[in-house]
Every structure is written in C-alpha cells, then in structure tokens.
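In: Got a predicted structure plus its sequence, pasted below:
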Amino acid sequence: MRSPTSSTATDGVPTACSRPGVGTNKDVAMRIAMPLIALVAAGLLVGAGDTRAACLGDTPVATAGAFYRDHYTFWNDPLPSLERIVSARLLRLLKQDRACGGDGGEVCAIGADPWLDAQDGEARDPRFVAESENMVQVRYRFALGDDQPSQAQVARLRLAREGGCWRVDDLIGPNGGSLRDALARFHESPGAG
C-alpha cells in the first residue's frame, strides 16, 4: 500500500517530486534560502537606517541646518553628542579646549560666539546655501538687539564625510577666521593652556 503523501512515477517508484509539499533539491534550497536572504536584507536596511538616523542630515546643507538648529553652542555639548556631529579632528581640539577650562568653566580658545565672531548679538533668519561639495554658507542677519539695525553676515561650515555621515569639520566665522585653526594655534603653541 502506498503512503497517502506519495505517488509513484511511471515505473512505480515513489519520487520526492511527486509528493505534495516536497520539491526538487533546488526548490528545497530556495525555500530555506529565501527567508535567510530576507533576514540579511532586513538587517542591512535596519543598519542603514540606524546610520542615517545617527546622522544630522543626508546632505551637507541639511547637516548644516540641523547642526545650527540643534547644536548652536556645540562647544558646550556633551561629549557623546559631539562625537556624533563633529569630525575627529575638530573633536580632538574641542576636547583640549574643554580640558583647558577645567571645572571652573574658564574660557580658553573660544572667547566669543564663533558663529558671530562677537560676544554679544544674535543671528536671525539663517539660510543655508551650498558653496561647494563640502562647504555650506550660513547667511544670517546679525543684530545686537531689537532696537538696533541688523546687517547681513555669512559664516561657513566645512563638512567632512566620516562614519557614513556628514560631520562639521570647521566653522569659519564672518570675519574669515577658522575655529579649528584658532583652537590648534591656542592649544598646540608652546606654553598653551
């Protein structure tokens, strides 16, 4: 008597292909491989999504806008935040500046708002414009107060691609000075704090 799940080929011998739910070796391999392929693909997509979620933006302009909006006083941000948003080179210099200030919060190399190149005032109505592949202009109106006239100014963010994300590598203030260069001069000169 034949098993109800098998049938016979023309010569009366049961075959794997003739049983319901069982296919050729290729079919079996595909049934095993497809879920594995789907799991690997899902893992890659989740990983890519995590990387993108950790990035400030997908483009230099989007990164500059998010950096300005969410990290305006980045030099005071907690280290885990800094590690995610600035280049390794700038991070090293910012850490040196933070250590120089000690627990008392003394000012070392950053003595003014690097966005403004001034101790007082504010940037209003910022706009972000790509200047080159890795440089974004931050155009804004500088105002000392509500009763003062404002003037157009431009700061620049130089970005670097690190760890799959755009990260801020330098801030060039409206007077043309590089924050990274100022930090390096201050901390790498003989007798530096």
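Out: Yep, that arrived. Numbers count the residues shown, from 1 in each chain.
In: So which bits of whichever strand or helix holds residue 98 are buried?
Out: Element membership for residue 98 (DSSP states H and E) is helix 88-101. Neighbour counts using 16 or more other C-beta atoms under 10 Å place 89-91, 93-94, 96-98, 100 of helix 88-101 among the buried residues. (C-beta placed from N, C-alpha, C; glycine too.)
In: do the same with stretch 66-74
Out: For stretch 66-74, burial by neighbour count (16+ other C-beta under 10 Å) applies to 66-68, 71, 74.
In: Following the chain past the helix holding residue 98, name the next helix or strand.
Out: The C-terminal neighbour of helix 88-101 among helices and strands, as given by DSSP H and E, is strand 122-132.
In: Check which helices and strands the helix or strand following that next one sits against.
Out: Next helix or strand after strand 122-132 toward the C-terminus (DSSP H and E): strand 135-143. Helices and strands touching strand 135-143, as assessed by 3 or more C-beta pairs under 8 Å, 6 or more residues apart in numbering; DSSP states H and E, comprise helix 60-70, strand 122-132, strand 151-162.
In: ok and the last one relative to strand 135-143, angle-wise?
Out: For strand 151-162 against strand 135-143, the angle by axes from the mean of the first three to the mean of the last three C-alpha atoms, to 10 degrees is 150 degrees.
In: Strand 151-162 to helix 88-101, inter-axis angle?
Out: Our comparison of strand 151-162 with helix 88-101, counting by the same axes, to 10 degrees, yields an angle of 110 degrees.
In: cool, the first one as well?
Out: For helix 60-70 against helix 88-101, the angle between stretch directions is 20 degrees (the same axes, to 10 degrees).
In: looking just at contacts, which helices and strands does helix 60-70 meet?
Out: Secondary structure elements in contact with helix 60-70, counted by 3+ C-beta pairs under 8 Å, 6+ apart, are strand 122-132, strand 135-143, strand 151-162, strand 165-172.
In: Identify each buried residue in whichever helix or strand comes after it, please.
Out: Counting by DSSP H and E, the next helix or strand C-terminal to helix 60-70 is helix 79-85. Within helix 79-85, the residues that count as buried by 16+ other C-beta under 10 Å are 82, 84-85.
In: packing partners for helix 79-85?
Out: Helix 79-85 sits against helix 88-101, strand 165-172, with contacts defined as 3+ C-beta pairs under 8 Å, 6+ apart.
In: pLDDT averaged over it - what is it?
Out: Per-residue pLDDT values over helix 79-85 give a mean of 92.
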